[in-house]
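Chemist: Show me how the following folds:
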Amino acid sequence: MNKENKNFVLFAVIAALILFGWPVVQNRFFPTANPPVTKIEDGKTEVLPNKNADPTADTPAANRDRAVVLRETPRVQIDTPTMHGSINLKGARIDDLVLKNYKVTVAKDSPPVRLLSPAGAPEAYFAAFGWRDDGLSPPSADTVWTASSNLLAPGKPVTLTATNDKGQRFTIELTVDDGYMFGIKQTVANAGTGAVPVAAYGLVNRAGVSKDPDSWTIHVGPMSVHNDKADYDVDFKDLDEAAQRFSTTGGWLGFADKYWLTALIPDQVRPFDGQFRAGANKAYQGDYTTNAQLLPPGRQITQTSRFFAGAKEVRLLDHYTDKEGVTRFDYALDWGWFRVVEKPIFYYLDWLFRHVGNFGVAIILLTLTIRLLMFPIAQRQFASMANMRAVQPKMKAIQERFKDDKPRMQQEIMALYKTEKVNPLAGCLPTLLQIPIFYALYKMLMLTIEMRHQPFVGWIKDLSAPDPLTPVNLFGLLAFTPPSFLAIGVIPILLGISMYFQFKLNPAPMDDAQKQIFALMPWVLMFVMAPFAVGLQVYWITSNVLTILQQKLLYARHPGLKEAPSK
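Modeler: Here you go, the predicted model:
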């Protein structure tokens, strides 16, 4: 077997490993896309159910219906522009919350996402606030509080009141803004005869783990910010083994789903102790306590905190961080290492979307902007490619002459580069610059709720999900769903075609084995990219088309690039 055949066989083996091994790698480190929101049957688009979007969806294991549980206790209604629900006066719990602006599926009649549910209902998820019993005798979880009003809304606070038999009066004043933030003001008035210790607490409790997958790139589960750092290292399985504790001044803690967040935010200028722990019946809890203060008779103490329960909207998280002093609240989104690139690109893409009204078009305009900014670099890349092609015969002569003396071969090649003023790495620069941009767009499509359920054209109902239309089952006319590694959609096929024509315009390699490799590469990458979000593929296709146009323009300026090198 000659060298060229060996190279081709090696490439074939590598391609097979990519096709069949890559899914294992990507599921662990780079989850490909959100679950499909539609499927194609008989040539028609059908909406798929998506209980993963509702962290408190009903399950067969549920004991009682949610509506029945809600009717069992007195309640104060919650109504804001973004959510509605109720507060349970038994135990002073925020345990019923629906997000008005987000639906479970893309169907027009889809119900809104329910974030919180009361204990006793399917997959309970709630927050509560009170005081430690260190001799204070505070209200218990069974105490029914008295409410000053039956409605909590922006500009309409509600005060809950309870007393004990020792002369202490407890009040919890609740406020809510037009986002997803509750204000909590806990006051103890001591009308007793002796001093009492007062230490406020807050807790958020959920039954079961998040339905969203936790991965290397996107953290889901218990999350906190303490000592001025975001902690993404605690998972639900860690709590099964041992409680996780920390002490800090400033910060917060709660549970992060992919798009939703519950967060306890104590007073940011006072120290507090936070912890996560596992409880009975596969429940998990995050809670905090403040240091006890001695309250003398005839005095009162007020301690403030906040509670966030809602969608992880980028602008809103940044607002609470920059304008309302919540320490690193924007880190609720796990942007990762490329945060400095991802957030500016997100804001620009979101700005484009607000102007054009279609996220797919916004992605195309983003790609066009990036290519225009990189056009001068692309010109230098093509010039470098032309020079490299011109010196290829001399390089091959050096390789033949010094094939038994590798160090000397490298010296002669480097001398050739210097003499001909060629930089072999110059052609890689545009590709290297696009890597963080490509990864940033991947993270945005996977992470940000602003791109959830965003349609493009025709059958594309969600740019953050893979293409559901595939010729493998004749575009849904055949009654079977192909496995994921064969479900090559129309958009991935267009991606492969665009890459094929892009590679065809590149200078043909002198080595026959390299020619075969470049001929197969577009179709290998087509399979690799098929499970990823359509939005990512739209970006790549647009980039390929613009690159083809650039190549045609730059070939006119560098005709030597297309000419066969002289022998």
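
Chemist: for F276, which residues make a bridge with it?
Modeler: Beta bridges link F276 to Q244, G286, judged by DSSP bridges.

Chemist: Can you read off the pLDDT for it?
Modeler: For F276, the pLDDT comes out at 96.

Chemist: Quick check, it in contact with A256.
Modeler: No - F276 is beyond contact range of A256, at 11.9 Å (criterion: CB atoms under 8 Å). From N, CA and C alone the C-beta is placed, and that goes for glycine too.

Chemist: Of these two, which one has the most company?
Modeler: Taking F276 and A256 together and counting by other CB atoms under 10 Å, F276 has the greater number of neighbours (27 against 24).

Chemist: ok, so what distance separates the residue nearest the centre of the chain from I265?
Modeler: Most central in the chain under CA atoms, centre = their mean is L447, positioned 1.8 Å from the mean C-alpha point. The gap separating L447 from I265 is 21 Å, by CB to CB, to the nearest Å.

Chemist: K418 too?
Modeler: For K418 relative to I265 (CB to CB), the value is 60 Å.

Chemist: now R169
Modeler: Counting by CB to CB, the separation of R169 from I265 is 25 Å.

Chemist: For those two, indicate the residue with more neighbours.
Modeler: I265 (28 against 15).

Chemist: who's that one bridged to?
Modeler: R306.

Chemist: Please read off the pLDDT at it from the model.
Modeler: In this model, I265 carries a pLDDT of 98.

Chemist: isn't it right next to V326, touching?
Modeler: Yes - with contacts defined as CB under 8 Å, I265 counts as touching V326 at a distance of 5.6 Å.

Chemist: So for the two, which residues contact both of them?
Modeler: Here I265 and V326 have 252, 306 as joint contacts, going by CB atoms under 8 Å, 6 or more residues apart in numbering.

Chemist: Identify all contacting residues around stretch 340-354.
Modeler: Counting by CB under 8 Å, 6+ apart, 314-315, 335-336, 359, 361-363, 365-366, 369, 436-437, 440-441, 443-444, 448, 450, 454 sit against stretch 340-354.

Chemist: Going by neighbour count, list what's buried in that stretch.
Modeler: For stretch 340-354, burial by neighbour count (16 or more other CB atoms under 10 Å) applies to 341-343, 345-346, 349-350, 352-353.

Chemist: now stretch 494-506
Modeler: Those would be 494-496, 498-500, 502, for stretch 494-506 by 16+ other CB under 10 Å.

Chemist: Could you dump the residues you listed into CSV with pLDDT and distance to D330 added?
Modeler: Output for these, formatted as CSV (pLDDT from 0 to 100; distance: CB to CB, whole Å):
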residue, pLDDT, distance to D330
L494, 92, 36
L495, 91, 33
G496, 90, 38
S498, 90, 36
M499, 87, 36
Y500, 87, 41
Q502, 82, 37
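
Chemist: From those residues, pick the one nearest N227.
Modeler: Minimum distance to N227 across those is 44.5 Å, recorded for L495 (CB to CB).

Chemist: Is it correct that the closest one falls within a helix?
Modeler: Yes - assessed by DSSP: H, G, I helix; E, B strand; the rest coil, L495 belongs to a helix.

Chemist: element containing Q303, please.
Modeler: strand 300-311 (DSSP states H and E).

Chemist: so what does that strand touch, helix or strand wise?
Modeler: Under the contact definition 3 or more CB pairs under 8 Å, 6 or more residues apart in numbering; DSSP states H and E, strand 300-311 sits against strand 93-103, strand 112-116, strand 125-131, strand 181-190, strand 200-207, strand 260-266.

Chemist: hmm, try it at 6 Å
Modeler: Under the contact definition 3 or more CB pairs under 6 Å, 6 or more residues apart in numbering; DSSP states H and E, strand 300-311 sits against strand 181-190, strand 260-266.

Chemist: Nearest approach to G458 belongs to which of these?
Modeler: Closest to G458 of these is strand 260-266 (CB to CB; 29.5 Å).

Chemist: Only alpha carbons, please: show the closest one as PDB.
Modeler: Extracted C-alpha coordinates of strand 260-266, given in PDB (Å, rounded to 0.1, in the frame of the first residue of the first chain):
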ATOM      1  CA  TRP A 260     -35.700  29.300  34.900                       C
ATOM      2  CA  LEU A 261     -34.300  30.300  38.200                       C
ATOM      3  CA  THR A 262     -35.300  30.500  41.800                       C
ATOM      4  CA  ALA A 263     -32.900  32.500  44.000                       C
ATOM      5  CA  LEU A 264     -32.800  33.600  47.600                       C
ATOM      6  CA  ILE A 265     -31.000  37.000  47.900                       C
ATOM      7  CA  PRO A 266     -30.200  38.000  51.500                       C
END
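
Chemist: Tell me the secondary structure of F346, please.
Modeler: helix.

Chemist: neighbours of Q168, just the number please.
Modeler: Q168 has 22 nearby residues by other CB under 10 Å.

Chemist: and it, what are its bridge partners?
Modeler: With DSSP bridges as the rule, Q168 is bridged to N190.
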